[in-house]
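**Student:** One predicted model, sequence on top.
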Amino acid sequence: MKRLLKFTFWFFSFVVFAGACTGAYFWYLWSSNMPLIGSVKEYRPPIITEIYSDDGEVIGRLWEEKRIVIPLEQVPQHLIHAFVAAEDARFFEHEGVDVISIFRAFLKNLRAGKIEQGGSTITQQVTKSLLLKNTKRTYRRKVREAILSVQLEKNFSKKEILFLYLNQIYLGQGAYGVEAASRTYFGKSAKDLALAQSALLAGLPQAPARYSPVSHFDRAKARQKYVLERMSQEGYITNEQLSRALEIPLDIQGETENTFAKAPYFTEHVRRYVLAKYGEDVLLRGGLRVYTTLNLKMQQTAQEAIRIRGKGTGGL
């Protein structure tokens, strides 16, 4: 009997030791050569370059990623609440990885027989976008993502993480961040969004193309309803506010304004000049503000005169 107990003790000790060594090996292997968290502090994403006329009107926009970075103070509280309720309800409680949400999503997906809900936090989405972009979805990446997310929470406040998230997230139609998306879909700044509009934007991160209000308005409305219901469940809005927001009509812009059409030849000349002087990277990613001498009213008058003259001479 003693020999059996001794054998059992040593056997389980060996299993535990072997398991610990294996875990430590994979932990070392998967966590080595991690991206530096400090690089996030130098957050300089690609942003829109704008060309202005002499009276401050935009006559051209150029970009690699259509993004306008705005401080968190310019984001309405209900817009923040909409994204938190839809994407990460326990954002202000967890420390980067939300085990409860992961388990809840696992059970829901198991019951549905398909993936209906993810367990990634807002912090994890920031990590993927800024530190692990262009990497394949593997278990190794998920482990690295979790480690980096915890580190991110230790080095940045919740407000700083929200600032990164709301300016970095892709929201469809080529728009990155809530400011560019607000201007793209509603023709206004994010600070002027109503609750109904904020809820619609917050429904886009999961699948921007599938829930696009331009291409699939009914799906976008259904997703908006989900976001508003989540906001109500989390106590951010009342049932009355929910019902009222659902009744408000949404005027979605189908096409982005073509600012180049205001003075196409002049603006193209400016584009070529800036490209030659500063290079493509600065032109498309640097967020330049290019102020010109163009008087837009005089330009439009000249263009109209040429158009009329062309008609009068049969286009010659």
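**Tutor:** Happy to help now that I have it. Numbers count the residues shown, from 1 in each chain.
**Student:** who's in contact with stretch 70-89?
**Tutor:** 91-92, 98, 101, 120-123, 125, 159, 162-163, 165-167, 177-179, 189-191, 193, 195, 198-199, 201-203, 205-206, 226-227, 230-231, 233-234, 236-237 (C-beta atoms under 8 Å, 6 or more residues apart in numbering). In this view, the C-beta of every residue, glycine as well, is placed from N, C-alpha and C.
**Student:** Filter the residues you listed down to the buried ones and hand me the PyMOL line.
**Tutor:** A single PyMOL command selects the buried members of those (16 or more other C-beta atoms under 10 Å):
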select buried, resi 91+98+101+120+121+122+123+125+162+163+165+166+167+177+178+179+190+193+195+198+199+201+202+203+205+226+227+230+231+236+237
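**Student:** Among the contacts of stretch 70-89, name the ones in helices.
**Tutor:** 101, 122-123, 125, 159, 162-163, 165-167, 177-179, 195, 198-199, 201-202, 226-227, 230-231, 233 (DSSP state H).
**Student:** Check which helix or strand the nearest residue to S198 once chain neighbours are set aside maps to.
**Tutor:** Residue nearest to S198 in three dimensions, not counting chain neighbours: L79, with 4.0 Å by C-beta to C-beta, 6 or more residues apart in numbering. L79 belongs to helix 77-87 when elements are defined using DSSP states H and E.
**Student:** I'd like the average pLDDT over that helix.
**Tutor:** The predicted model assigns helix 77-87 a mean pLDDT of 97.
**Student:** can you check stretch 38-48 too?
**Tutor:** For stretch 38-48, the per-residue pLDDT averages 89.
**Student:** Kindly export it (C-alpha atoms) in CSV.
**Tutor:** Provided in CSV are the C-alpha atoms of stretch 38-48 (Å, rounded to 0.1, in the frame of the first residue of the first chain):
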residue,chain,number,x,y,z
GLY,A,38,6.2,52.4,-25.4
SER,A,39,5.6,52.7,-29.1
VAL,A,40,1.9,53.3,-28.5
LYS,A,41,2.8,56.5,-26.6
GLU,A,42,4.1,57.9,-29.9
TYR,A,43,0.7,57.4,-31.5
ARG,A,44,0.9,59.0,-34.9
PRO,A,45,-1.6,57.3,-37.2
PRO,A,46,-2.0,58.2,-40.9
ILE,A,47,-4.4,61.2,-41.0
ILE,A,48,-6.0,63.3,-43.8
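**Student:** what's the distance between Y211 and Q224?
**Tutor:** Here Y211 is placed at a distance of 9 Å from Q224 (C-beta to C-beta, to the nearest Å).
**Student:** can you map out the strands along the protein?
**Tutor:** Listed in chain order, the strands of the chain (DSSP state E) span 49-52, 58-62, 66-67, 175-176, 289-291.
**Student:** quick one: the third one to chain centroid distance?
**Tutor:** Going by C-alpha atoms, centre = their mean, to the nearest Å, the spacing between the C-alpha centre of strand 66-67 and its chain's C-alpha centre is 10 Å.
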